[in-house]
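A.B. asks: with the input below, show me the fold.
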Amino acid sequence: MDITTLTRMVAENAALRRRQTLQPVGGKNDKIFPPTYPGEGRNAQPTHAYEWRRIDGKDIACVLVDSPQSQANRLEEALLAAIRAGAARIPHVVVDFTGFNLTGLSELTSLDVPHRVYDAILRDSLLGKEAFMKSALGTRLIDAKAGDASALLETSPNALLFGSWHSTGQGGGLGAKFARCLVSEIVAIGVPIEEITNQRTGEVVARTAGVRTGSRIDPVGTLSSVKIYKAAADGEDWTPFIDKAKTEKGKPVLFTRKKGDKAGKPAVINHGNIRPSLQNLGITCDHLEHTVVISFAGLRRLRFGSPERDAAGRALLAALGVLAIVEQDAQGYALRSRCDLVCDGRVPLELVRPDGDAKTKIDIDRDGARALYRDAVTAALAAGFSLPEEPIRLVPQDKLVAMIRESERLAREGKGGEEDGEDDGAGS
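C.D. replies: Below is the predicted model:
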């Protein structure tokens, strides 16, 4: 496939898609652990995301293994790896944290951060001496619309391909908003499940028939009956000595880190045995399917100032999508602990025509995808786009650095953050 063919495809057809079968790296039917989500109700156990999907005329139990949001993040990670390998010229923005002595933080890019070019980390950084969103470039990004999305294509085109929203923009979040043109997800199909009735509500819920075990033997034999107190001394958090404990109303205070801990138990400070336990987590399945669609209809909603620029800009985004798919294949599917997948054979892309026909197959490897994207960049430059060879570099504002430093201080002291509700890397 060359750039002329791709440009014509985008103009005349519905989409490119691929339905790739995956399998656990441990082999077919090996157990994997998809992401978990909080269960409903008090003290509910974590659960996977179960769905019933209609497949070949039957309702089949499935589990979401990687969501469209998470997949977008992983595809961008693959693109960033290609940039750093010198294999692709993709405009992007970098916030440079070097020189600020922040632990383990050197730079973040518009392919890393959750809200892409509209992320708070970029918004709270400086382009030269100006706040990024108050600079001339920032103003262009704020004003961008589907009717002229040139600013995003020239600054960080992943924001158009994977979707973005300036949620703090004009009119309380009515600013620039772009829907995804590439949607990707991984689903486990044919999952053995059990249907459990909630005795209190009568609701029937699904859970995996698989189990995860847990236990730990303390090598020093700390017993659970040992009392752990909050230390009175500055710089100390806990103590086993009652005479050195902090007191309230004349009574020693049992140590706890967060709400829900069994106050005063050695387990709160990660000592002691953990009794063997079972949780209904982890799945096996008939197979896993990775479905990815690049919507040409979605790309055609985007305009860039003239028919020639429209065609070149849309083709660049389509080529970027193809590159992301192929780069992810090459990077591999190490999604999370005990959820490492590989392709089960190789499936080509399918061209979906307006009537739904998908007989045209497009087989493209990593070298071919990289060459196609380079040709798309050349065509975009010829159409008048400004695509910088180097990233746009920002530096964090003092207030952003101060906030990060304070977070690091609290983390070192073991304060705060334990009750934050995080989402297993789902992204945006």
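A.B. asks: what are the contacting residues of stretch 2-16?
C.D. replies: Applying CB atoms under 8 Å, 6 or more residues apart in numbering, the external contacts of stretch 2-16 come out as 293-297, 299-300, 311-312, 314-315, 318-319, 321-322, 349-354, 356, 362, 372, 375-376, 378-379. In short, each C-beta sits where N, CA and C put it, glycine included.
A.B. asks: any weak-confidence spans in the protein?
C.D. replies: Counting by pLDDT under 70, the chain has low-confidence residues at 41-43, 169-175, 197-205, 209-216, 275-279, 414-428.
A.B. asks: domain-wise, how is it divided?
C.D. replies: Domain ranges of the chain: 3-190+283-412, 220-272, per automatic domain parsing.
A.B. asks: taking those domains together, which one is wrapped up most tightly?
C.D. replies: Highest mean neighbour count among the domains of the chain (mean count of other CB atoms under 10 Å): domain 3-190+283-412, with a mean of 18.
A.B. asks: ends of that domain, what's the gap?
C.D. replies: Taking CA to CA, to the nearest Å, domain 3-190+283-412 runs 52 Å from one end to the other.
A.B. asks: what about that domain, distance to the chain center?
C.D. replies: Relative to the chain's own centre, domain 3-190+283-412 is displaced by 9 Å; criterion: CA atoms, centre = their mean, to the nearest Å.
A.B. asks: hey, where'd the helices end up in the protein?
C.D. replies: Assigned by DSSP state H, the helices in the chain fall at 3-12, 68-84, 120-123, 136-143, 150-155, 158-161, 170-173, 296-299, 307-331, 366-382, 398-412.
A.B. asks: could I get those as JSON lines with distance to Asn270?
C.D. replies: Below are the helices of the chain laid out as JSON lines (distance: least, CB to CB, whole Å):
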{"stretch": "helix 3-12", "distance to Asn270": "55"}
{"stretch": "helix 68-84", "distance to Asn270": "29"}
{"stretch": "helix 120-123", "distance to Asn270": "32"}
{"stretch": "helix 136-143", "distance to Asn270": "45"}
{"stretch": "helix 150-155", "distance to Asn270": "45"}
{"stretch": "helix 158-161", "distance to Asn270": "40"}
{"stretch": "helix 170-173", "distance to Asn270": "42"}
{"stretch": "helix 296-299", "distance to Asn270": "49"}
{"stretch": "helix 307-331", "distance to Asn270": "34"}
{"stretch": "helix 366-382", "distance to Asn270": "44"}
{"stretch": "helix 398-412", "distance to Asn270": "16"}
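A.B. asks: of all the ones you listed, which one is nearest Arg257?
C.D. replies: Closest approach to Arg257 among these is made by helix 398-412 (12.9 Å; CB to CB).
A.B. asks: save the domains of the chain as TSV, and put in distance to Thr208 too.
C.D. replies: As requested, those are arranged in TSV below (distance: least, CB to CB, whole Å):
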stretch	distance to Thr208
domain 3-190+283-412	5
domain 220-272	24
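A.B. asks: closest to Arg207 out of those?
C.D. replies: Here domain 3-190+283-412 is closest among the domains of the chain (CB to CB), at 6.5 Å.
A.B. asks: so which of the helices of the chain is nearest Pro91?
C.D. replies: helix 150-155 (5.8 Å).
A.B. asks: counting by contacts, list what the closest one packs against.
C.D. replies: helix 136-143, helix 158-161, helix 307-331 (3 or more CB pairs under 8 Å, 6 or more residues apart in numbering; DSSP states H and E).
A.B. asks: distance across stretch 28-35, terminal residue to terminal residue?
C.D. replies: End-to-end for stretch 28-35, by CA to CA: 19 Å.
A.B. asks: likewise stretch 347-365?
C.D. replies: 11 Å.
A.B. asks: out of the helices of the chain, which comes closest to Val25?
C.D. replies: Using CB to CB, the nearest of the helices of the chain to Val25 is helix 307-331, at 13.6 Å.
A.B. asks: next, the angle from the closest one to helix 366-382.
C.D. replies: 160 degrees (axes from the mean of the first three to the mean of the last three CA atoms, to 10 degrees).
A.B. asks: the inter-axis angle of helix 307-331 versus helix 3-12?
C.D. replies: Going by the same axes, to 10 degrees, helix 307-331 makes 110 degrees with helix 3-12.
A.B. asks: between helix 307-331 and helix 68-84, how big is the angle?
C.D. replies: Using the same axes, to 10 degrees, helix 307-331 lies at 90 degrees relative to helix 68-84.
A.B. asks: now Ala330, nearest residue through space, not along the chain?
C.D. replies: Spatial nearest neighbour of Ala330, excluding adjacent residues (CB to CB, 6 or more residues apart in numbering): Arg366 at 5.2 Å.
A.B. asks: was I right about the one you found contacting Glu327?
C.D. replies: Yes: using CB atoms under 8 Å, Arg366 is in contact with Glu327, at 7.0 Å.
A.B. asks: quick revisit: okay if I get the helices and strands packed on helix 150-155 as TSV plus distance to Gly86?
C.D. replies: Compiled in TSV, the helices and strands packed on helix 150-155 are given as follows (distance: least, CB to CB, whole Å):
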stretch	distance to Gly86
helix 136-143	25
helix 158-161	18
helix 307-331	13
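A.B. asks: wait, which of these is closest to Leu400?
C.D. replies: The nearest among those, by CB to CB, is helix 136-143 at 15.4 Å.
A.B. asks: which secondary structure elements does the closest one contact?
C.D. replies: helix 150-155.
A.B. asks: out of the helices of the chain, which is closest to Gly282?
C.D. replies: Per CB to CB, nearest to Gly282 of the helices of the chain: helix 68-84, 18.4 Å.
A.B. asks: may I have the closest one as CSV, with CA atoms only?
C.D. replies: The C-alpha trace of helix 68-84 is given here as CSV (Å, rounded to 0.1, in the frame of the first residue of the first chain):
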residue,chain,number,x,y,z
PRO,A,68,-10.5,1.4,24.3
GLN,A,69,-9.0,4.0,26.7
SER,A,70,-6.2,1.7,27.8
GLN,A,71,-5.6,0.5,24.3
ALA,A,72,-5.2,4.2,23.1
ASN,A,73,-2.6,4.7,25.8
ARG,A,74,-0.7,1.5,24.7
LEU,A,75,-0.8,2.5,21.0
GLU,A,76,0.6,5.9,21.9
GLU,A,77,3.3,4.3,23.9
ALA,A,78,4.2,2.2,20.9
LEU,A,79,4.3,5.4,18.7
LEU,A,80,6.6,7.1,21.3
ALA,A,81,8.9,4.2,21.2
ALA,A,82,9.1,4.5,17.4
ILE,A,83,9.9,8.3,17.8
ARG,A,84,12.7,7.6,20.3
